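Visitor: okay, sequence plus prediction incoming.
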Amino acid sequence: MLNGNRTFSDVQAEHTYVAFVEDKPGVLNRVASLFRRRGFNIESLTVGHTEQAGVSRMTIVTKVDEYTARRVEAELYKLVNVLSVEEVTATPSVMRDLALIKVRADGEARTQALQICDVFRARVVDVAPDALIVEITGTEEKIEGLLDVLTPFGIIEVARTGRVAMRRGVQPTTYSPEFVHARIPEDSAV
Amino acid sequence: MQRTGAQIVWEVLTQEGVEVVFGYPGGAILPVYNAMLDYGVRHVLVRHEQGAAHMADGFARASGRVGVAMATSGPGATNLVTGIATAMMDSSPIVCITGQVNAPFIGSDAFQETDVTGVTLPITKHNYLVTHTEDIAPTLREAFYIAASGRPGPVLVDITKDAQVGKTEYAPSNEPIRLRGYRPDLRALPEEFERALELIAKSERPLILAGHGVLMSGASQELLDFVEKAHIPVAVTLLGIGGIPASHPLNLGMMGMHGEAWVNTAIQEADLLLALGMRFDDRVTGNLKTYAVNARKIHVEIDPSEINKNVRVDVGIVGDLRETLRTFLAGTPPLEHAAWLEHINDLKGDSAVRDIQNLPDSGHLYAAHVIHDLWRYTGGEALVVTDVGQHQMWEAQYYRHERPRKLITSGGLGTMGFALPAAIGARFAKPDEEIWAIVGDGGFQMTQAELSTCVQEDLKLNIAIINNGFLGMVRQWQEFFYERRYAATPLVSPDFVKLAEAHGLTGMHVDQREQVAEAVEFARSSPRTVVIDFRVEQEDSVYPMVPAGADLHAMIRRPSPIVETAEDV
């Protein structure tokens, strides 16, 4: 729980938010516009459907200090189409990025590339005479690691999804009613 | 019963208690205007849509209710933008209804098509594009609810022409509005109240910073009760003026860039700042690095995103100010801060009496004279609407408001041209009050076309033009910070008396102080709108002044005696 007694760090660091938003036209624009207008830099933003009809899930990564991180959350809540926001940076959670990497690989190089992919638990999803498409899922660090070792082979192109995040354990990633020094009154209907 | 979308617009407006709409017709909103004639809502035809938004805003600020503006698509909608941004910055509840091209044409660059929901996205609290007739009623009801609740603000509803023309079943609804993602009713945690009360009890030099939130939540009485019990002096923001009576001994007056020196010094010396419904705008803090470094800070705000935005606070309390002050009142024993108040009184010194009385009465007319006299002759009871610039600051300094919602001014956005249309809007909220629009010669010319609206609607206003032949505040900055290089600030105006006469109104020139009383009395007694052109000192400046970004205590002080203009020296 966050309260006013805490002092926050001035150091800029990555913060990850999971936001549930109404699946309506223009909602992505509202969220992106908010980040642009307030000068919060988006490192990554992903959107997709959820298990609930009419609700989309966004994972947003931004690099800000802790004071600004509180504000990002509060500003997101101000958007009428945003149903809930949870910052999962400090919560035990699984964070994953997916990348498709097209790498040059013929002859000897192909065997070496395949071995490397095996070590990284990456899957080969397309094979051409002189190239491979490799699919890898993992943290950004893991993907960066694979990219580093594949670079000498010749990377032709990379497509990445950006980060998705989910809280560990049985509790769903959902709204945290206590946010930024505030709570939702008990007598109010949800 | 079957209704067209256009009829449903008026059905919902009527149900929401709307009695007046400020607007301008055009192609894409024609069905709504056609239906208007069958409903009892008064429509005020403006001369430019910016005026419609300011009128809705003035109406909202004077009444505490939602103001409504209406315009067509494209240029009609884009002309609203300045007025919407003004309402957004000052948290004023307005609903703007715009027509949009037929839904199938959206995106085709059709005649008078503008993506107005895109354009207004960052300057509205929320906005809607409605393309189906059956969505009109629920959307408009949501719009009124969102505009007025929580931290109020402007909501725009863009309705396609085919949705206006279409028919659907309509029955009035009284169902409470449920929006899953909208929480206007947040409250602080009990331990945060405890911590705030602890800081209040321990403080030896506390100071309250009272803002617009006092007026918006109707917390004036609660503020007074708390202030008297806890014996805490109050400084007000520009938009907080009237939240506590000007004559109250604990009211120090306005803070910030043009606040009095002792008020800003008190802020810098305080050991506790209790910020109530204000947002630490740069115009009230000056340099944030040196702002109130001695003070612990408690911030009470209905909008959580304001807390720790500009100034980092020790306790943030989210919630309605009126409720919060009741909790503070109950949790605070009677306190006493005699030494602190005595110290502030010493800071004040003679500067409090130096102002008006000491202006040289050399036959020249000073704006401060005019405003001081206006205050005297109206008994301090008029509803004053000001524009933006020097006259706005002089009004804030010299017109002493005793009650809330008696000063309407564009604070956050600083929109020139605001005063006349906002005064027209206020007239509809307060049909029986004495209203003065105080406006500079520059700002008046931005929206002077609305004089015609005044005439067409047969409205009574008193318009005081503080005419110094310059864009005065910009000229002042050029004098102080740009070596008196008056780039583009000398201003030629029409003869405002003849302009009034061209509208069938009375106009008067005043350039001597002894003429002020007569002119003001004439305007007050006239049943029609009167325009007074006060020709004041050209190069007078507003003192004191904290230069933008400077430390709050580093003020340019009011010269004593007042410096005459270059011409006199």
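Guide: Right, received. Where do you want to start?

Visitor: hey, let's count contacts and neighbours off CA atoms from now on
Guide: Noted.

Visitor: now A:Leu76, nearest residue through space, not along the chain?
Guide: Distance criterion CA to CA, 6 or more residues apart in numbering or on different chains; nearest residue to A:Leu76, sequence neighbours excluded, is A:Val82 at 6.7 Å.

Visitor: now do B:Leu365
Guide: Using CA to CA, 6+ apart, the closest residue to B:Leu365 is B:Val536 (4.9 Å).

Visitor: what number of residues lie near the residue nearest to A:Leu76?
Guide: A:Val82: 23 surrounding residues under other CA atoms under 10 Å in any protein chain shown.

Visitor: and it, how far is that from A:Val55?
Guide: Counting by CA to CA, to the nearest Å, the separation of A:Val82 from A:Val55 is 10 Å.

Visitor: need the residues touching each of the two.
Guide: Residues touching both A:Val82 and A:Val55 by CA atoms under 8 Å, 6 or more residues apart in numbering or on different chains: A:20-22.

Visitor: chain B next: which of those residues are close?
Guide: Applying CA under 8 Å from any CA of the partner chain, the subset of those adjacent to chain B comprises A:Val21.

Visitor: quick one: which of the shared contacts of A:Val82 and A:Val55 sit in strands?
Guide: A:20-22 (DSSP state E).

Visitor: can you say which of those residues are buried?
Guide: Taking 16 or more other CA atoms under 10 Å in any protein chain shown as the criterion, what is buried in these is A:20-22.

Visitor: reformat the residues you listed as JSON lines; add pLDDT and distance to B:Gly181.
Guide: Formatted as JSON lines, these follow (pLDDT from 0 to 100; distance: CA to CA, whole Å):
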{"residue": "A:Phe20", "pLDDT": "93", "distance to B:Gly181": "9"}
{"residue": "A:Val21", "pLDDT": "94", "distance to B:Gly181": "8"}
{"residue": "A:Glu22", "pLDDT": "94", "distance to B:Gly181": "8"}
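
Visitor: what strands flank the lengthiest strand in chain A, and is each parallel or antiparallel?
Guide: Longest strand in chain A, counting residues (DSSP E): strand A:93-104. Strand A:93-104 has the following sheet partners, assigned by DSSP bridges: strand A:131-138 (antiparallel), strand A:155-160 (antiparallel), strand A:164-167 (antiparallel).

Visitor: that strand: which residues count as buried?
Guide: So, applying 16+ other CA under 10 Å, buried residues of strand A:93-104: A:95-104.

Visitor: phi, psi of the residue in chain A positioned nearest to chain B?
Guide: Across chain A, the shortest distance to chain B (CA to the nearest CA) belongs to A:Leu83, at 3.9 Å. Main-chain torsions, A:Leu83, degrees, to the nearest 10: phi -80, psi -40.

Visitor: check contacts around the residue in the stretch 351-500 of chain B that chain A sits nearest to.
Guide: Here the stretch 351-500 of chain B gets closest to chain A at one residue, B:Leu413, 15.8 Å apart by CA to the nearest CA. The contact partners of B:Leu413, by CA under 8 Å, 6+ apart, come to B:85-86, B:89-90.

Visitor: the same query, at a cut-off of 7 Å, please.
Guide: Going by CA atoms under 7 Å, 6 or more residues apart in numbering or on different chains, B:Leu413 touches B:86, B:89.

Visitor: now do B:Ala517
Guide: Residues near B:Ala517 by CA under 7 Å, 6+ apart: none.

Visitor: report the separation between it and A:Val31.
Guide: Applying CA to CA to B:Ala517 and A:Val31 gives a distance of 55 Å.

Visitor: just B:Tyr399 next, same as before
Guide: When B:Tyr399 is compared with A:Val31 (using CA to CA), they lie 43 Å apart.

Visitor: of these two, who's got more company?
Guide: B:Tyr399 (25 against 20).

Visitor: for the more buried one, which non-adjacent residue is spatially closest?
Guide: Nearest residue to B:Tyr399 in three dimensions, chain neighbours excluded: B:Trp375, at 5.3 Å (CA to CA, 6+ apart).

Visitor: equivalent analysis for B:Gln390, please.
Guide: B:Met473 (5.2 Å).

Visitor: do the same with B:Tyr182
Guide: Computed as CA to CA, 6+ apart, the closest residue to B:Tyr182 that is not its neighbour in sequence is A:Val80, at 5.1 Å.

Visitor: doesn't B:Pro184 make contact with that neighbour?
Guide: No. Between A:Val80 and B:Pro184 there is no contact, the gap being 10.1 Å when judged by CA atoms under 7 Å.
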